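Peer 1: just a sequence and a predicted model for now, questions to come.
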Amino acid sequence: MLYATLLSIVVSHYYYYYYNVHFNVFFWEFWENWENSKLVIWSVYDELPILEMTLTLLGLAVMIHYLSLILRLWLSSLLSKYYDRKIIWIMLPFLLLVGMRGTFDPLPLTMQRYREQVSAVAHLNSIHGNPYYELYFSWHDRRETSDTNVIKKMLKKATNEIPQWYELLANMDKRRGFKGTDESNYQLEYQLPDLSKKYLKQKPKHIVFIFMESQSAWLADYKDAQFQQSIRKNLNKLQKQGLSFTNYFAAGSGTISNIMRINLSIPVKRYFRLINTAEIFKTFPDTFPRIMERQGYFPRYFYGGSLSWHRLYNILPNMGYQQVFGESAIKNVSKNRFGAHDGDLFEFVHQKLMQAKQPTFNFIMTLSNHPPYGVPESFISPITYENAPQKLKNKILDKDNFIERMRALAYADQALGDFMQKAQESPYFKETLFVLTADHSHDMNLKWEAEEYYQLKKIPLIFYSPNLLKITATTYENQGSHLDLPVTLLSLISANPAKIQSWGRSLFVAPSNKMLFSFHINCLDNVCRTKEQTFVLQKDQHLALCKETWCSEKSKQLSEIENAFWNSGYNYLFQYRIGRKAIPTFE
């Protein structure tokens, strides 16, 4: 048991260091998704100096072995003198309790994680010291986020409330309506605005949708010229020349969560894991690829990693993608253990666009900026700790992690720039609309204040096509998330605007009510709620804690809208009747 505990602590320590996610997440994925777990195991093997690790473990094992012998002899001599069954029966439960709590401190280890900074090594402050507690809470959290029986029971009891949820949301936007006769066909319809003539010279032949790994909007706030040229040169260029949104957020927590939310466009509560539900295999009619197919585009999905990750080979075709390409399709290139580098992925997409004979919608998910930041060995990072902007340097908690992050960001931007340069020299460029966003933001293990939370969680959203867009170099401040993106794109390209089933809205149009629904923060006007607290959003986008009656009342109103938003999504997910089946085809 001691050896197992020791090994769990070591693995947990390094797992958090490289992935900034607690080991309990990996534990459950081990049973569900062996392909992903195998990559993690190999990463531990690759990243740790194996000889040093082996010698350390052997040394610890020897020490524990002899220490246990010494303790055993001491305890046996002690018990032989003071042997008493009553003492043993009292001490045994006490020791078990202390072991489960992980400490003699009055405050259990589970509640000590954020009490104070106990180590100079930043990531150690976030790692739980008791691996058994990690497993317990992973089970507890999993039950909270994936127990569909609780949701189904709630929906059965809420028969009268369900239409009220839909009506409340419909009344919040003049373009939205509520349709249906019972729980099995209730839906929200959104009237698309007629924007194509205003924004486009002609309908795009190709749409290239780039889903960038861990690209945060806050990086643009550090105006140092060398810094921006090094890590955002190409992205900044596209942003300045295109249509960009400054208040855009991720709808889910991580990559797979946001793949599900942006493609299904169904709202669920923050920590509910869509990927774990059988309902995602229903053939919902208004998934992202299906609405693009109805617009005349052949939907394709490109990913530099393994399609076994979260069973993408099965899920994506079921959503409506007619072709799905993973790392195995990208031949004759060097790869890291997670898959192909961004540059090789973009080259593969470029070749497919050159060969395309029909209009295509291309969803591209990048990989290089994901831990453990595998980029070509020849790539040298232009940003180090020494030449980082001073304002940013003051936030750094882990220099090594920062340097690796900067290298990955710089490479990802270079790969994007090379792709755009090749595209501009190709025939398809003049007829292609490029849409760029991120799967989620990332704090990069920096020191952040609570008031910066709104800025920390923003991600970029850019529409770029110098030959197709009539309006360029324009910034929009409307708030939105991934749930709004399919509708926003559709409102731009649709020549005959119609009604579409969606909880999203076009971000090109000023909202009837200023609202934001995202994973990290929800807002109504200038009152914003996180999972724990209510804030007032200041003009400089800093958050101030709500201390007055008016914002508390606004928070209650927002809470009511949140529940209607999430619960109507649950009703659609679990109770909406679906017709035909999908035909999965992938490469």
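Peer 2: It's in.

Peer 1: hey, which helix or strand in this structure has the poorest pLDDT?
Peer 2: Lowest on mean pLDDT, DSSP states H and E among the helices and strands of the chain sits helix 23-32, with a mean of 55.

Peer 1: who are the contact partners of the nearest residue to Tyr576 once chain neighbours are set aside?
Peer 2: Spatial nearest neighbour of Tyr576, chain neighbours left out: Ser184 (6.4 Å); criterion: C-beta to C-beta, 6 or more residues apart in numbering. No exception for glycine: its C-beta is placed from N, CA and C like everyone else's. Contacts for Ser184 (C-beta atoms under 8 Å, 6 or more residues apart in numbering) come out as 575-577.

Peer 1: ok, and the closest non-adjacent residue to Tyr190?
Peer 2: Spatial nearest neighbour of Tyr190, chain neighbours left out: Ser502 (4.7 Å); criterion: C-beta to C-beta, 6+ apart.

Peer 1: am I right that the one you found is in contact with Ser265?
Peer 2: Yes. Taking C-beta atoms under 8 Å as the definition, Ser502 is a contact partner of Ser265 at 5.9 Å.

Peer 1: tell me which of the two has more neighbours.
Peer 2: Shown here are Ser502 and Ser265; by other C-beta atoms under 10 Å, Ser265 has more neighbours (26 against 22).

Peer 1: look up phi and psi at that one.
Peer 2: phi 60, psi 40 (degrees, to the nearest 10).

Peer 1: please begin residue numbering at 20 from this point
Peer 2: From this message on, residue numbering opens at 20, which makes the last subject Ser284.

Peer 1: three-state assignment of Glu551?
Peer 2: Classification of Glu551 using DSSP: H, G, I helix; E, B strand; the rest coil returns coil.

Peer 1: separation between the residue nearest to Tyr595 and Tyr591?
Peer 2: Distance, Ser203 to Tyr591, by C-beta to C-beta, to the nearest Å: 10 Å.

Peer 1: try Leu416
Peer 2: Distance check for Leu416 against Tyr591: by C-beta to C-beta, it reads 42 Å.

Peer 1: ok, the two, which is more surrounded?
Peer 2: When Leu416 and Tyr591 are compared for neighbours, Tyr591 comes out ahead with 25 against 17, by other C-beta under 10 Å.

Peer 1: what's the burial count for the spatially closest residue to the more buried one that is not a sequence neighbour?
Peer 2: Leaving aside its sequence neighbours, Tyr591 sits nearest to Ile285 (C-beta to C-beta, 6+ apart; 5.9 Å). Using other C-beta under 10 Å, Ile285 is surrounded by 24 other residues.

Peer 1: ok, Ile285 to Lys558 distance?
Peer 2: Distance of Ile285 to Lys558, given as C-beta to C-beta: 34 Å.

Peer 1: ok, back up a step: can you say which of the contacts of Ser203 are buried?
Peer 2: Buried residues within the contacts of Ser203, counting neighbours by 16 or more other C-beta atoms under 10 Å: 594-595.

Peer 1: possible to save the contacts of Ser203 as JSON lines with pLDDT and secondary structure?
Peer 2: What follows is the contacts of Ser203, written out as JSON lines (pLDDT from 0 to 100; DSSP: H, G, I helix; E, B strand; the rest coil):
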{"residue": "Gln594", "pLDDT": "92", "secondary structure": "helix"}
{"residue": "Tyr595", "pLDDT": "89", "secondary structure": "coil"}
{"residue": "Arg596", "pLDDT": "84", "secondary structure": "coil"}
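
Peer 1: with distance to Asp432 added, can I get the contacts of Ser203 in TSV?
Peer 2: Formatted as TSV, the contacts of Ser203 follow (distance: C-beta to C-beta, whole Å):
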residue	distance to Asp432
Gln594	44
Tyr595	41
Arg596	46
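
Peer 1: tell me the one of the contacts of Ser203 nearest Leu487?
Peer 2: Distance to Leu487 across the contacts of Ser203 (C-beta to C-beta) is lowest for Tyr595, with 35.4 Å.

Peer 1: would you check that that closest one makes contact with Asn204?
Peer 2: Yes. Between Tyr595 and Asn204 there is a contact under C-beta under 8 Å: 6.9 Å.

Peer 1: which ones are touching Cys462?
Peer 2: No Cys there; residue 462 is Asp. Listed by C-beta under 8 Å, 6+ apart, the contact set of Asp462 reads Leu475.

Peer 1: what sits against the residue nearest to Tyr209?
Peer 2: The neighbourhood of Ser521, defined by C-beta under 8 Å, 6+ apart, consists of 207-209, 284, 305, 502, 505-506.

Peer 1: go again using 6 Å as the cut-off
Peer 2: Taking C-beta atoms under 6 Å, 6 or more residues apart in numbering, we find Ser521 in contact with 209, 284, 506.

Peer 1: and for Lys220?
Peer 2: With C-beta under 6 Å, 6+ apart, Lys220 has these contacts: 487, 489.

Peer 1: swap in the one 5 residues further on?
Peer 2: With contacts taken as C-beta under 6 Å, 6+ apart, His225 has the following neighbours: 379, 447, 451.

Peer 1: looking at those residues, which is nearest Asn406?
Peer 2: Nearest to Asn406 among the contacts of His225 is Thr451, at 36.0 Å by C-beta to C-beta.

Peer 1: phi and psi next, for that closest one.
Peer 2: Per-residue torsions, Thr451: phi -120, psi 130 (degrees, to the nearest 10).

Peer 1: assumed Leu428 was part of a helix.
Peer 2: Yes. Secondary structure of Leu428 (three-state DSSP): part of a helix.

Peer 1: low pLDDT regions in this protein?
Peer 2: Applying pLDDT under 70 to the chain picks out residues 20-76, 83, 86-87, 90-111, 113-165, 598-606.

Peer 1: tell me the domain ranges of it?
Peer 2: With domains defined by automatic domain parsing, the chain comprises 21-67+103-165, 179-594.

Peer 1: most tightly surrounded among the ones you listed?
Peer 2: domain 179-594 (a mean of 19; mean count of other C-beta atoms under 10 Å).
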